[in-house]
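Undergrad: kindly return the folded structure for what I paste below:
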Amino acid sequence: MVQLLTPTGERLEHADYSPRIAHLDADALRGFYRDMVLVRRFDNEATSLQRQGELGLWAQCLGQEAAQVGSGRAMAPHDYAFPSYREHGVAHTRGVDLADVLRLFRGVDHGGWDPREHGFHPYTLVIGAHTLHATGYAMGLQRDGLVGTGDPERDSAVVCYFGDGATSQGDVNESMVFASVNNAPLVLFCQNNQWAISVPPTKQSRVPIVTRGDGFGIPSVRVDGNDVLACYAVTAEALERARSGGGPTFIEAVTYRMGAHTTSDDPSRYRSADEDEYWRERDPIDRLKALLVATGELPESFVAALEAEADALGERIRDTVHAFAPPEPASMFDHVYAEPHSILESERAWFAQYEASFIDQAAADGGTRA
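TA: As a prediction, this is how the structure comes out:
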């Protein structure tokens, strides 16, 4: 397993991957730390909002910040990411306003942003379905001549994020077939957070998950998913190969979901307190903080400014969610098709008449009915 930073914050050398982070100075490392701290604050605020009844559901990324921030920061602006539903750290690195992520979980719309602006696809709730979308998009880049040209401003790649549980889905395996035989510019980034809801990896596979890629002829690498530097280096190497025409890579980032699967889950029913403590000692934020403190590169002024920034983010997230208004019912017909569709328009017209009938009936009843 590739590791460049131990749980206690000590740097390790790796012949293949240390050169990938040689250019990262103290400012860059503090940037990684800032990203992870802000994402965790956002995540915790969203969890609290759900507990207060302000969100219908929430899927935490608590403990997985290094895998997401490290891999997300390795992407070029013109690369494209396909997330599942807890890649809040990747969304942050791609410039998505994290408040927009909450619209889906509040239920005010289907969730989304302009993917062309951010290179970040809307969340996918169906387990593993988006891996096929990612593979198809990567094949499209290839056919559009945006791979292997030697021009760093043109050559592009795709990163697809999914969990260990998704590797048991047929869609994921089908995507690896197509990615492999078409030499697609795709990085399959599996965050093995140890639990597919309540099912451990040992109940999903008799061999390490990273070997799934080998079975399809896809180069594969296992990385410490709580090591932000290693995740950055491994993803950067895989993306470079993809952009140059070298084809797909399968990455297994070994991490841990410190929170629940979602806010409707109780992890204490299937995992022990000892296991939780073992992984909390490997917290990705504490790990990078230990390095920065040991090297004298985490000044108090930076810490204070970051704390204030996190507080401001938390306040903005709360205010934004409280201000979310219920959508107009007729908006369900918007954005169903790219072009006008006669059946949809007839359904829209029927619904307008249906809504109007309640107004007419209320008037007939003297305004006593809503």
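Undergrad: measure the residue nearest the centre of the chain to Pro7 for me?
TA: Among the residues of the chain, the one closest to the centroid is Glu87, at 1.6 Å (Cα atoms, centre = their mean). According to Cβ to Cβ, to the nearest Å, Glu87 stands 23 Å off from Pro7. In short, each C-beta sits where N, CA and C put it, glycine included.
Undergrad: now do the helices in the protein.
TA: With helices called from DSSP state H, the chain shows them at 26-51, 65-73, 88-93, 98-106, 115-118, 129-143, 170-181, 211-215, 228-243, 273-280, 284-294, 300-323, 342-364.
Undergrad: got a list of contacts for the fourth one?
TA: Okay, so that is helix 98-106. By Cβ atoms under 8 Å, 6 or more residues apart in numbering, the residues outside helix 98-106 that reach it are 39, 42, 46, 49-50, 54-58, 88, 91-92, 109-113, 122-123, 313, 316-317, 320-321, 324.
Undergrad: just how off-centre is that helix within its chain?
TA: 13 Å (Cα atoms, centre = their mean, to the nearest Å).
Undergrad: check stretch 266-275 too.
TA: 24 Å.
Undergrad: between the two ends of it, how far is it?
TA: 15 Å (Cα to Cα, to the nearest Å).
Undergrad: buried residues in it?
TA: 267, 271 (16 or more other Cβ atoms under 10 Å).
Undergrad: do the same with stretch 211-226
TA: Buried-residue list, stretch 211-226, by 16+ other Cβ under 10 Å: 212-213, 216, 218, 220-226.
Undergrad: quick one: the residue nearest to the centre of the chain and Cys61 touch, right?
TA: Yes - using Cβ atoms under 8 Å, Glu87 is in contact with Cys61, at 7.0 Å.
Undergrad: between those two, which contacts overlap?
TA: Residues touching both Glu87 and Cys61 (Cβ under 8 Å, 6+ apart) are Gln68.
Undergrad: any idea of the mean pLDDT for stretch 270-281?
TA: For stretch 270-281, mean pLDDT rounds to 97.
Undergrad: so Gly53 versus Tyr123, what's the distance?
TA: 21 Å.
Undergrad: more neighbours, these two?
TA: Under the neighbour definition other Cβ atoms under 10 Å, Gly53 and Tyr123 were set side by side, and Tyr123 has more, 21 against 7.
Undergrad: the nearest residue to the more buried one once chain neighbours are set aside: what's it in contact with?
TA: Computed as Cβ to Cβ, 6 or more residues apart in numbering, the closest residue to Tyr123 that is not its neighbour in sequence is Tyr85, at 4.8 Å. Contacts were defined as Cβ under 8 Å, 6+ apart; by that measure Tyr85 touches 59, 123-125.
Undergrad: check contacts around the closest residue to Asn193 other than its chain neighbours.
TA: Once flanking residues are discounted, Asn193 sits nearest to Arg257: 3.8 Å by Cβ to Cβ, 6+ apart. Taking Cβ under 8 Å, 6+ apart, we find Arg257 in contact with 60, 62-64, 193-195, 267.
Undergrad: from these, which is closest to Ala290?
TA: Checking the contacts of Arg257 against Ala290 with Cβ to Cβ, the nearest one is Gly63 at 16.3 Å.
Undergrad: excluding chain neighbours, what is closest to Glu281?
TA: Pro7 (6.4 Å).
Undergrad: was I right to think that neighbour contacts Trp279?
TA: No - contact between Pro7 and Trp279 fails when scored by Cβ under 8 Å: they sit 9.9 Å apart.
Undergrad: any stretches of the stretch 101-250 of the chain with poor pLDDT?
TA: Within the stretch 101-250 of the chain, no stretch has pLDDT under 70.
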